[in-house]
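1. Got a predicted structure plus its sequence, pasted below:
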Number of protein chains: 2
Amino acid sequence: MSNPTLRQISMLELIPRAPRKTYAKKLKAQLSDRGYDVDERTIQRDLVSLERVLPLICDARDKPYGWSWAETGLGIQAPAMDPIEALTMSLAHQYLEPLMPSASFNRINIFFKRANETLKESSPKLINRWRNRVRVLPELLRFKKPKLNKDVEQALYKAAFEGLQIKALYRKRGESQSSLRLIHPMGLVMKGSINYLICMMDEDPDQPRYLPLHRFERVEILDLPVHEPKNFNLDEFTHTNNLSYEYSKNLYTFKALFDYTAAAHLIETPLNSSQKTKRLEDGRLLVSARMTDTLQFEQWLMSFGSDVEVLAPGKLRNKFKILAKELIKKYDD
Amino acid sequence: MSNPTLRQISMLELIPRAPRKTYAKKLKAQLSDRGYDVDERTIQRDLVSLERVLPLICDARDKPYGWSWAETGLGIQAPAMDPIEALTMSLAHQYLEPLMPSASFNRINIFFKRANETLKESSPKLINRWRNRVRVLPELLRFKKPKLNKDVEQALYKAAFEGLQIKALYRKRGESQSSLRLIHPMGLVMKGSINYLICMMDEDPDQPRYLPLHRFERVEILDLPVHEPKNFNLDEFTHTNNLSYEYSKNLYTFKALFDYTAAAHLIETPLNSSQKTKRLEDGRLLVSARMTDTLQFEQWLMSFGSDVEVLAPGKLRNKFKILAKELIKKYDD
DNA sequence: ATATGAAGCGACAGATTATGTCGCTATGAA
DNA sequence: TTCATAGCGACATAATCTGTCGCTTCATAT
């Protein structure tokens, strides 16, 4: 344990990225916990010597000096990402980019940057080819993402994680002015391009609410633990508040006829493992499966337009009957 | 540069994760390139001394010994992930899990594992709370993901990245037997839960094809560069092959009336920056925007069922008219 | 069976480094 | 001014690092 290498590696792992910083004394304590009991002087010397060869920054404006990794520096990573891992990371990057709020996404960009570094090093010429040759295609329409303040986002995550009350400037839907509120964060829900804070508000201490993060203007974390209803259950909350789409936990046996080309993909990516398909003589595809009763599923069915005919359950077929009639009413002029 | 710490860190960064391995001699050469010119004996000694304190594995069955990081070991990472970064990573994890092919996803799991490690350390009690209090909700129906062989996937990525021909056992849609083919990989397209290899096949050397990865049974990478059509353009290919949904690059001015509650989210997450909304006296929401002509957009509109009435363009309104008539035909019995 | 070569390992010695200690200095707060 | 805190230079000693060399082992070629 008296190995200077290992101690220095541990120390490097303890130094945060700028703008956060740490101090010799703190490092001494942390290293001591890990079994490296050395003089503070040694740590100072280590820091200075590592600073010469790594992107470390010493903020010497105040004493004690604050040490951090340069914001853009690449740091250390071992073991090396292998090229396939790196490719997969660059894919993950493409998957996430349109989905995550950009403030969050930027925050972890450094990991994807490192993946690209790896690729660049292993085959500098191929990386451009890869970029031109890989696409993650959207499955559905992409909406504009609401703008989200980075500090606000960070504070809300932190408060939700640590279970601390916040004082926040929040603008209600439709209102142009935001007002100061005391809020007890209880959870986060990401849905499409909108993130919601699930919380209790002091003005109505019985009913949990969901507030889109982008309507927060300023957030201050208080040092008070949140008060929340006993036995609060996030899943239950999202269901009863139409954040997730389940109508009920009811299962029914679904049956429908699809246009073959429109639904051929179901053969390889079935709705679930209960699905059965059969191609009929008229070319159409008969699909049946046990499904839970969700709005989402109905929307998905409707998106097929006239390429689907629902057979069962009767209730669902009926909904489509009504739909047909209402559409005729709208368009038959 | 004669600092043993830095040399050892560099060395650790050069050691791959098991089952891949590296050798003392190779390390000597690589370190020499980086300016650390030391004897091979020194490297051997470093390896042995680091093995005692880090999850390194020495495969001593053959000589030269093969060195690697233990498959499950956590490795080194500096600078420290800050807690917010770690939270964001754990979010990214939730976003990706249902989207990525699981073979890929497992491959980069180690990064998310590390994020959890960070959280566990900073607030061991809160991590469970976080798990219970954060949800990424699906925007659309999730299908079962086709099973994908890990080695096959890895080989196809590699071949696509490096532009090498492959010999593969591929099963055509509908066929139960797979057959051996010579294939020239040109790109990858991820769409929903299916990944496609874009490639030329020797049996038809003019027309690029797209083959779902899960229909490959075995892949062998050859050491021959791919032959591909001149000026191949992936985006063009996906458009003309219905992988991406664009009908044309045509823009039109879209106008429709939405049920207010069904479409209220458009106010905060507009279709694009050209969108304008207006609430009418009857409560409905008039939405207009410049849109490109895509199947996807039409499907999205249809998924609203009778909660939308398309006004313009006339062509699109007409499509809905026809839809209404066809639905009536199907359901009016 | 023998020769050959490659790789690992122990030993050694000299050079280098690492470390704790101490005292001095600079800085800001009381 | 005094006091406390940190940083820093110096120093002596212990610990280490490193290149070298020769021995051993093992697999392969002859």
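-> Right, received. Where do you want to start? Numbering: from 1, shown residues only, chains lettered A, B, ... in the order given.

2. now A:Arg135: how far from B:Ser244?
-> 8 Å (Cβ to Cβ, to the nearest Å). Yep, even glycine has a C-beta here, placed from its N, CA and C like the rest.

3. Identify the contacts common to those two.
-> B:Asp235, B:Thr238 (Cβ atoms under 8 Å, 6 or more residues apart in numbering or on different chains).

4. May I see the buried residues of stretch A:73-82?
-> Using 16 or more other Cβ atoms under 10 Å in any protein chain shown as the test for burial, stretch A:73-82 gives A:Gly73, A:Gly75, A:Ile76, A:Gln77, A:Ala78, A:Pro79, A:Ala80, A:Met81, A:Asp82.

5. With just CA atoms, put it into PDB.
-> Output of stretch A:73-82 as PDB, limited to C-alpha atoms (Å, rounded to 0.1, in the frame of the first residue of the first chain):
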ATOM      1  CA  GLY A  73      -9.200  17.600 -20.700                       C
ATOM      2  CA  LEU A  74      -9.700  13.900 -21.500                       C
ATOM      3  CA  GLY A  75      -8.700  12.400 -18.100                       C
ATOM      4  CA  ILE A  76      -7.700   8.900 -17.600                       C
ATOM      5  CA  GLN A  77      -9.600   5.800 -18.500                       C
ATOM      6  CA  ALA A  78      -8.600   2.200 -18.000                       C
ATOM      7  CA  PRO A  79      -9.100  -0.300 -19.400                       C
ATOM      8  CA  ALA A  80      -9.100   1.200 -22.800                       C
ATOM      9  CA  MET A  81     -12.500   1.200 -24.600                       C
ATOM     10  CA  ASP A  82     -12.200  -1.400 -27.200                       C
END
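
6. Is that stretch positioned near chain B?
-> Yes. Applying Cβ under 8 Å from any Cβ of the partner chain, one finds stretch A:73-82 touching chain B at A:Gly75, A:Ile76, A:Gln77, A:Ala78, A:Pro79, A:Ala80, A:Asp82.

7. Helices of chain A, start to end?
-> In chain A, the segments counted as helices under DSSP state H are A:4-14, A:24-33, A:40-51, A:83-96, A:102-107, A:109-122, A:126-133, A:150-162, A:234-240, A:260-263, A:265-268, A:295-302, A:314-331.

8. Could I get those in JSON lines, plus columns for mean neighbour count, distance to DNA strand C and mean pLDDT?
-> Conversion of the helices of chain A to JSON lines gives the following (neighbours: other Cβ atoms under 10 Å in any protein chain shown; distance: least, Cβ to the nearest atom of the strand, whole Å; pLDDT from 0 to 100):
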{"stretch": "helix A:4-14", "mean neighbour count": "20", "distance to DNA strand C": "4", "mean pLDDT": "89"}
{"stretch": "helix A:24-33", "mean neighbour count": "15", "distance to DNA strand C": "10", "mean pLDDT": "89"}
{"stretch": "helix A:40-51", "mean neighbour count": "16", "distance to DNA strand C": "4", "mean pLDDT": "89"}
{"stretch": "helix A:83-96", "mean neighbour count": "21", "distance to DNA strand C": "24", "mean pLDDT": "88"}
{"stretch": "helix A:102-107", "mean neighbour count": "20", "distance to DNA strand C": "33", "mean pLDDT": "82"}
{"stretch": "helix A:109-122", "mean neighbour count": "17", "distance to DNA strand C": "23", "mean pLDDT": "87"}
{"stretch": "helix A:126-133", "mean neighbour count": "16", "distance to DNA strand C": "29", "mean pLDDT": "85"}
{"stretch": "helix A:150-162", "mean neighbour count": "20", "distance to DNA strand C": "26", "mean pLDDT": "90"}
{"stretch": "helix A:234-240", "mean neighbour count": "16", "distance to DNA strand C": "46", "mean pLDDT": "85"}
{"stretch": "helix A:260-263", "mean neighbour count": "15", "distance to DNA strand C": "58", "mean pLDDT": "88"}
{"stretch": "helix A:265-268", "mean neighbour count": "16", "distance to DNA strand C": "48", "mean pLDDT": "84"}
{"stretch": "helix A:295-302", "mean neighbour count": "19", "distance to DNA strand C": "58", "mean pLDDT": "88"}
{"stretch": "helix A:314-331", "mean neighbour count": "17", "distance to DNA strand C": "68", "mean pLDDT": "90"}
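
9. Pipe those helices into JSON lines and attach distance to B:Phe258 per row.
-> Conversion of the helices of chain A to JSON lines gives the following (distance: least, Cβ to Cβ, whole Å):
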{"stretch": "helix A:4-14", "distance to B:Phe258": "53"}
{"stretch": "helix A:24-33", "distance to B:Phe258": "56"}
{"stretch": "helix A:40-51", "distance to B:Phe258": "59"}
{"stretch": "helix A:83-96", "distance to B:Phe258": "29"}
{"stretch": "helix A:102-107", "distance to B:Phe258": "27"}
{"stretch": "helix A:109-122", "distance to B:Phe258": "36"}
{"stretch": "helix A:126-133", "distance to B:Phe258": "38"}
{"stretch": "helix A:150-162", "distance to B:Phe258": "29"}
{"stretch": "helix A:234-240", "distance to B:Phe258": "23"}
{"stretch": "helix A:260-263", "distance to B:Phe258": "25"}
{"stretch": "helix A:265-268", "distance to B:Phe258": "28"}
{"stretch": "helix A:295-302", "distance to B:Phe258": "14"}
{"stretch": "helix A:314-331", "distance to B:Phe258": "12"}
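
10. Tell me which of these lies nearest to B:Glu220.
-> helix A:83-96 (16.2 Å; Cβ to Cβ).

11. Tell me which residues touch A:Leu54, please.
-> A:Leu54 makes contact with A:Leu12, A:Trp69, A:Gly73, A:Ile76, B:Leu6 under the criterion Cβ under 8 Å, 6+ apart.
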